[in-house]
Structure formats: C-alpha cells, structure tokens
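Participant: sequence first, predicted model second:
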Amino acid sequence: MNILPILSPILAFGIASAAAAPIDRQALVTRHNIEWNDLPGQIPLGNGEFCFNADATGLQTFGGNTMSHWGWHSAPLPPDCTPADIPPTGTVEQGRINGPMRKAAERRELDGWMFRNPHPVNLGRLRWLRSTGAALEPKDIGNISRRYDLWTEMHTTQFEVDGQLVRVETCVHPTMDMIAVRAESPLLRDGKLVVTLDFPYPSANSDSPWAGNWNRPGAHTSELVLRANQDSADIRRKADASNYNVLVAWSKGCEFSRWPEAAIGKHTFRLSGDKTGRMEFGHFR
C-alpha cells in the first residue's frame, strides 16, 4: 500500500505550524531569570572561558572569585626535588597497589605537591570598602533587590549602605576576559565608598570565601604601570612561574591608585568615584 498520500498532509501540517509559530527564544530564556537577594550568594557571570562570581553587591564584597581556563599556578617543588622526579603518570606508585601506598608515604612531600598542583589562580578580587579601608559587614547592607537577566547577561542590583542607595550593573564580555561595571551612589559622590581590587598569592587551599592565600604578600608581586594621558593602567602580576597582566580602565573623573601599603596591603588598589556619584570601570587581561 502506498502510504505517502496519507503522510503528506500530516508532514505538511507540521511544517506549516512550525513556520506560523516560531519559538520566542527571548521569552523562553528570560522566564528563567534569577532574582536572588541572598547577600553572600554568588552568581557566576561568564562566557565559558572566563568567570566572575558576583555576590549581591554586584562585586565580590562578601565572596566570589575571578577565574579562567588559562589561569593556573604551581608552587615551587619541595626541597631536593626536581622536575625529573615527577612521574608522567602523576603518582609515585607503580604497578598494582595492594594495601597502603608505600612509595607515596616514602615521598610524602612530592606526593603532596602533585596532589595540590597545578591549581586555578584567583585573578583578582573586586570589593566595596569604606574609604577608610574598613570592610563592609553584612549588617551594613540593607534593602537588596537583585536580578540576573540571562538574555542580556546583565547582573543588576541595588542595596543600601548607611541608608544610602547604591546601584550596580555588572557583566562579562561575551568573548573577552573582561568585566565591566557601572555604579551610582551618593556615597561615591561623597567619597565614603570605594572599589578595591586586590590579589592573593595563588593557593589550592583557602578558609575564606575567596580563593588564594591573602597572608603571603611577600611571595608575589603586583607592579602598577599607569598609562600616560589615559584613564587606564596595567598591573603586572607575578607569582613564582605564573605571570599575567590586568588592564584596568575607568571613566573620567574617577581616580585609581595603589592603596598605601601600611593601611591595607601591598597588593591592593582603589578606585574612587567622581563628583557626580557615578563610576564606570572594567578590567581584563
């Protein structure tokens, strides 16, 4: 039996229906937009290669890291160990293992080093701080209203500090390792609130909401190079054999500088708003 005459009307009907009612992709995506007012709750903003975890302040004030597929670090080898001692298999054991790993016990330091290295690098932390250098506390933040639009990939939030409104928009470039932020608040106009960018020593272990070791300032370097006649600067980062650059750019009227080491640390930089209370900035490698 020839079933083609029977199927043809069915197939034609399906094609006509699909053409008449295309999928509203924006509506499909945006119905899953995130509205989450948890202060330390982190939303990953990224492009598949680069990620900036933002908390409800739009930055990383209470937690969050900046990481990428290319950012890795290895600590120096233990004393009396050389690269030739690292087996290509990634373990000092050989053959079938029955019972305790004896060779790992014999070479405990090397075995521990291979377990911890390499590890991802926290490329930098962006936070809101008081202009005195004092950290904001959860009790200082109120009336949070936060939203992440999955279609535009824009993270928007507003909250109050000391009863003053702060509005922040944060996004990551779709193809570049770049963060862009726009902020507005009377606290910026009055110089009471600033953005800080700081860097830890890369580490596989951390007991804080931010990856890295923030208590080894002498183990890495952050060289600031201001660009002449431009509202931008380069920060050249070096930690052991790991090197990367951070380009920071800001809107006219803002001021960017290294925070005095005695006040807050040798790897900390601050950005102050202009007299309008507005600020735009971005940083990327």
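Facilitator: Perfect, I can see it now. Keep in mind that this is a model prediction, so the values were computed, not measured.

Participant: part of a helix, is Ala27?
Facilitator: Yes. Judged by DSSP: H, G, I helix; E, B strand; the rest coil, Ala27 forms part of a helix.

Participant: number of nearby residues for it?
Facilitator: Residues lying near Ala27 (other C-beta atoms under 10 Å) number 9. For the C-beta atoms, the positions are set from N, CA and C on the backbone; glycine is no exception.

Participant: likewise Ala233?
Facilitator: Neighbour count for Ala233, taken as other C-beta under 10 Å: 19.

Participant: that one: what secondary structure?
Facilitator: Ala233 is classified as strand under three-state DSSP.

Participant: what's opposite it in the beta bridge?
Facilitator: As for beta bridges, Ala233 partners with Leu226, Val248 under DSSP bridges.

Participant: right, and Ala233 touches Asn245 too?
Facilitator: No. Using C-beta atoms under 8 Å, Ala233 is not in contact with Asn245, being 10.6 Å away.

Participant: contact partners for the spatially closest residue to His69 that is not a sequence neighbour?
Facilitator: What sits nearest to His69 in space, not counting adjacent residues and going by C-beta to C-beta, 6 or more residues apart in numbering, is Glu49, at 5.2 Å. Applying C-beta atoms under 8 Å, 6 or more residues apart in numbering to Glu49 gives the contacts 68-70, 177.

Participant: return the member of those nearest to Ala135.
Facilitator: Nearest to Ala135 among the contacts of Glu49, counting by C-beta to C-beta, is Ser68 at 26.2 Å.

Participant: contact partners for the closest one?
Facilitator: Here Ser68 is in contact with 49-51, 123, 177, 285 (C-beta under 8 Å, 6+ apart).

Participant: among the residues you listed, name the buried ones.
Facilitator: Using 16 or more other C-beta atoms under 10 Å as the burial test, the contacts of Ser68 include 50-51, 123, 177, 285 as buried.

Participant: picking up where we left off before, report the two of the contacts of Ser68 separated the most.
Facilitator: So, those by C-beta to C-beta: farthest apart are Cys51 and Arg285, at 13.1 Å.
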